[in-house]
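Enquirer: the following comprises the amino acid sequence and a computationally predicted model.
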Amino acid sequence: MLKEYLTIREIAGPLVLVEEVEGVKYEELVELQLPNGERRRGKVLEVDGDKALVQLFEEATGVDVFQSRVTFLGKGIELGVSEDMLGRVFDGLGRPIDKGPDILPEKRVDINGNPINPYAREYPSEFIQTGISAIDGLNTCVRGQKLPIFSGFGLPHNRLAAQIARQAKVLGKEEVFAVVFSAMGITFEEADFFTSDFRQTGAIERAVLFLNLADDPAIERIATPRMAFTAAEYLAFEKDMHVLVILTDMTNYCEALREVSAARKEVPGRRGYPGYLYTDLASLYERAGRIKGKRGSINAHSYSDHAGGRQDPPHSGSHRLYHRGSGHSFKSLAQKRCVTSH
Amino acid sequence: MKQGTIVKVSGPLVVAEGMDEARMYDVVRVSEKKLIGEVIELKGDRASIQVYEETGGLGPGEPVFSTGMPLSVELGPGLMESIYDGIQRPLNVIRDAVGDYITRGIDVPGLDREKKWLFQPQVQAGDAVVSGDVLGIVNETSTCVHKIMVPYGLEGRVKDIRQGEFTIEERVVTIETAEGIKEVTMLQRWPVRKARPYQEKLVPYVPLITGQRVFDTFFPIGKGGTACVPGPFGSGKTVIQHLLAKWADADIIVYIGCGERGNEMANVLLEFPELEDPRTGEPLMKRTVLVANTSNMPVAAREASVYTGITIAEYFRDMGYSVAVMADSTSRWAEAMREISGRLEEMPGEEGYPAYLGRRVAEFYERAGRVTCHGSDNREGALTIVGAVSPPGGDLSDPVVQATLRVVKVFWSLEDILAFRRHFPAISWLNSYSLYYENIDDYYVKEVGSDFIEMRSEALKLLQQEAELEEIVRLVGVDALSQDDRLILETSRSLREDFLHQNAFHEVDTYASVDKQYKMLKLILNMHERSKEALERGATVDQLSELPLREKIARARYTPEKELVKIDEIFTDVDETLASIGKK
């Protein structure tokens, strides 16, 4: 029986401070029961003696100091994975939202994953044809690579993303392909564009969707891409599929990270973003790749908006990529220059 | 050893109580999982510990074990050809042990304990030895002779020395010292944050030949010098580091991939074993040590990785070798420092970086140098550092760049504009500099050609003039220029395209010996001089640029090293052809 605590002392933004706790572990999953019976989830951000700082994944609305109960679940955030996930739609925390049944997981995996040993990595060298001349000809994609696409307001990066997801293939090979789509803070219309596009082309059968829309809790977004990569790792390295992970929009993810950092009153790095932004993003993107001796691969395509086409710190400093907001002749690709980043 | 108890966990920072025996920078093992950490702050019996592995699942009450040792690297035969993570755990051994992912609490020694090495003594029983004296040698790889030295601080008379095959932990020598008899094995340890000692530091006077024309001819670095390559994303920093690692004429290369992308390290691992060392014909890997801490590996180990790398490099320097360290990228290292400093709630300096950023960067680069090593033979070793920095948005006012430029003497300015024009290596000839000219010019005069220095100045002057003329051309067009000025544009174009531009992926062009560089530069400048004379005789620039000679000069770069005579042939061809032009 897990202990329930009634010792919340402080609530600030998405952060809850619980006192007089015992045996709490860093990054442990937490469940909060509100006075009205509703349950919210969060994770431990810091433990200091008998004090635990909990970050909620959902809104703090309705959480109170005196009656809300806190339970520490004794495990990290996990995702139950199974091949049945293909064709399903989940929320940002991995719960089905397509009115289908719950997934019977083959196993449960910690969503943080472990770094791939650089020694075990296979160097990406298999050309992927996207059928988009500006990408194939000038900034070629290879399997196991990360491809960021920087966009600005009013540019149809969604169409591009869907087009890549639809057309990307390795020439001369018939292989099992899957798409993991992770939406962070995008609008319903954008999300709908992808789902209906996947439906029309039949790609939905081979897609796993994690949707955190603009009106969903922002803090939940921090877990969403990790859910996506966990599912992708399972499909790629255990089920031998070639997985394309689409992350959109990373700007919202970075902002959620900044929000938590600000609520914790951390010393900011550049432009208010926390100093560990680079490490955090790297721990996501680096989960893409190929492993020696495994047939599957993970490709990551991330999309982010850029106000005014300038290099924003989370993108330039952390994605290590380059964006040029110039106007060339191609209409849709003109303002998206994707530089391959192996 | 007494054990402490965790009271606080915040990311990679753990605070433990009951650590009254801990010393600063001691290595500790955190929790039953035995995660590796380092003490970075002490307050009473509370120690702040920077943990080199993921800390998820740790909580108050768990034990902390002290090892009583600072973070050290193991030095001895077996270093070559290794690929380590930031705290010297061999990645190949980790893979064999736990699979494709790096899990936590893996404890593997940096050097193979089982392997036997053939130890060949260089001294005899009864010889007096001091610290740094070579006791014996081990042929570690076909290109690297590993010298086993008397550990620092030992001095005395050799009592016994054994020849034969031993593991690194077996006694090979006993030394009778004033404090008693000491046993020496092939394995030594050295704390990474402390520079290894030497007798005397010297000024660099020999250039590190890299085979890259823009470096060797225009902005050379001395053996034992420091250089910095800053550059915006996508301008080819990493390619340059790889090129240097491949072609630099150092005996040993230590490549530190600090916060690099995993696929880049995979590329190094794929390429290096296949590439040939141009001097020995052996695979390059045989003289290379890789330290790879990719960006998704724990941040604290990233902070340690540059120290791990440089300590290994210093060890080989002490053997009397010329060692080159490539650190890619020190910005990632500085960011790791910033992250840890933030967790410690230290007052930040510029842009959130800790106030001691400049000091740490300077300390790191100061570990380079040409030195007289310890040992009675007074051998010389050199340690060269080439550090890449990746400032956000290519902004050179970034604190890391500024701190680096204050200490390094060579600046290779990578520019994205050049990269987009497909000029590689994208090193700006206008903004780069080298402060080693005075030190190493003598070498060039003696070894390469007496007019080398004048030629370099002339070429740099032409490129400078080109930049000025281009301003005018932009305003009034090329037709407004005099014939002389147009010739300057022609020649500097030739300098840029035929000399500075170098194709890293072309078999021949990727490496140019200094002789070839000298001949090529001379060829281009000779063309310039002869053309100038022709213009005086009444020829026009258009007439000159139609000559097939231009094509020949442009192709000179593809002349293999063994056929350099061909460049001389073009040289005479230039003299002859141009002598006949412009005559009435």
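Expert: Perfect, I can see it now.

Enquirer: give me the low-pLDDT residue ranges for the chain?
Expert: I went with chain A, as the question did not name one. A:1, A:172-173, A:305-342 (pLDDT under 70).

Enquirer: ah, no, chain B please
Expert: Ranges of chain B meeting pLDDT under 70: B:1, B:233-234, B:583-584.

Enquirer: domain assignment for it?
Expert: B:2-70, B:117-186, B:200-436, B:452-579 (automatic domain parsing).

Enquirer: longest helix of chain B?
Expert: Longest helix in chain B, counting residues (DSSP state H): helix B:452-476.

Enquirer: quick one, strands of the stretch 101-250 of chain A?
Expert: Assigned by DSSP state E, counting those that start in this stretch, the stretch 101-250 of chain A shows strands spanning A:107-110, A:121-122, A:127-129, A:141-142, A:146-151, A:169-170, A:177-186, A:207-213, A:242-248.

Enquirer: can you list those in CSV and add mean neighbour count and distance to chain B?
Expert: Backbone N, C-alpha and C define where each C-beta goes, glycine included. Listed next are the strands of the stretch 101-250 of chain A as CSV, based on neighbours: other C-beta atoms under 10 Å in any protein chain shown; distance: least, C-beta to the nearest C-beta, whole Å:
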stretch, mean neighbour count, distance to chain B
strand A:107-110, 14, 8
strand A:121-122, 22, 4
strand A:127-129, 17, 14
strand A:141-142, 21, 9
strand A:146-151, 25, 8
strand A:169-170, 16, 17
strand A:177-186, 26, 17
strand A:207-213, 25, 20
strand A:242-248, 26, 15
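
Enquirer: figure out which of these is closest to B:Ile137.
Expert: strand A:121-122 (35.2 Å; C-beta to C-beta).

Enquirer: just the element for the nearest residue in space to B:Glu466 that is not next to it in sequence, please.
Expert: Excluding the flanking residues, the one nearest B:Glu466 by C-beta to C-beta, 6 or more residues apart in numbering or on different chains is B:Ser492, at 3.7 Å. In the assignment (DSSP states H and E), B:Ser492 maps to helix B:483-494.

Enquirer: so who does residue 27 touch?
Expert: Assuming you mean chain A. A:Lys43, A:Val44, A:Gly76, A:Ile77, A:Asn112, B:Thr55, B:Gly56, B:Gly57 (C-beta atoms under 8 Å, 6 or more residues apart in numbering or on different chains).

Enquirer: try again with chain B
Expert: The contact partners of B:Val27, taken as C-beta under 8 Å, 6+ apart, are B:Ile36, B:Gly37, B:Glu38, B:Thr67, B:Met69, B:Pro70, B:Leu71, B:Ser72.

Enquirer: buried subset of the residues you listed?
Expert: For the contacts of B:Val27, a neighbour count by 16 or more other C-beta atoms under 10 Å in any protein chain shown gives the buried set as B:Ile36, B:Gly37, B:Glu38, B:Pro70, B:Leu71, B:Ser72.

Enquirer: and which of those residues is nearest chain A?
Expert: Each of the buried ones among the contacts of B:Val27 was checked against chain A using C-beta to the nearest C-beta; the closest is B:Gly37, at 13.4 Å.

Enquirer: was I right to think that closest one contacts B:Arg29?
Expert: Yes - counting by C-beta atoms under 8 Å, B:Arg29 is a contact partner of B:Gly37 at 7.4 Å.

Enquirer: any shared contact partners between these two?
Expert: Common neighbours of B:Gly37 and B:Arg29 (C-beta under 8 Å, 6+ apart) are B:Val64.

Enquirer: just give me the neighbour total for B:Ala216.
Expert: No, residue B:216 isn't Ala; it's Asp. Around B:Asp216 there are 22 other residues, counting by other C-beta atoms under 10 Å in any protein chain shown.

Enquirer: so it sits right up against B:Asp515, yeah?
Expert: No - if you go by C-beta under 8 Å, B:Asp216 and B:Asp515 don't touch, sitting 10.7 Å apart.

Enquirer: near chain B, which residues of the stretch 101-250 of chain A show up?
Expert: A:110, A:112-124, A:144-146, A:237 (C-beta under 8 Å from any C-beta of the partner chain).

Enquirer: now the buried ones among the contacts of B:Val27 in a markdown table, please, with extra columns for distance to B:Glu366 and secondary structure.
Expert: Shown next, in a markdown table, are these (distance: C-beta to C-beta, whole Å; DSSP: H, G, I helix; E, B strand; the rest coil):
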| residue | distance to B:Glu366 | secondary structure |
| --- | --- | --- |
| B:Ile36 | 27 | strand |
| B:Gly37 | 27 | strand |
| B:Glu38 | 22 | strand |
| B:Pro70 | 19 | strand |
| B:Leu71 | 19 | coil |
| B:Ser72 | 20 | strand |
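
Enquirer: what's the farthest-apart pair in those residues?
Expert: Farthest pair in those (C-beta to C-beta) is B:Gly37 and B:Ser72. Separation: 14.3 Å.

Enquirer: please report how far the residue sitting nearest the centre point of chain A lies from A:Val54.
Expert: Centroid check for chain A by C-alpha atoms, centre = their mean gives A:Pro225 as the closest residue, at 1.1 Å. According to C-beta to C-beta, to the nearest Å, A:Pro225 stands 21 Å off from A:Val54.

Enquirer: what does B:Glu561 give?
Expert: 66 Å.

Enquirer: those two: who's more crowded?
Expert: Higher neighbour count among B:Glu561 and A:Val54: A:Val54, with 28 against 13, using other C-beta under 10 Å.

Enquirer: and that one, helix, strand or coil?
Expert: Secondary structure for A:Val54, judged by DSSP: H, G, I helix; E, B strand; the rest coil, is strand.

Enquirer: ok, which stretches of the stretch 101-250 of chain A are helices?
Expert: Applying DSSP state H, counting those that start in this stretch to the stretch 101-250 of chain A gives helices spanning A:133, A:157-167, A:188-201, A:224-237, A:250-263.

Enquirer: all good on my end, thank you.
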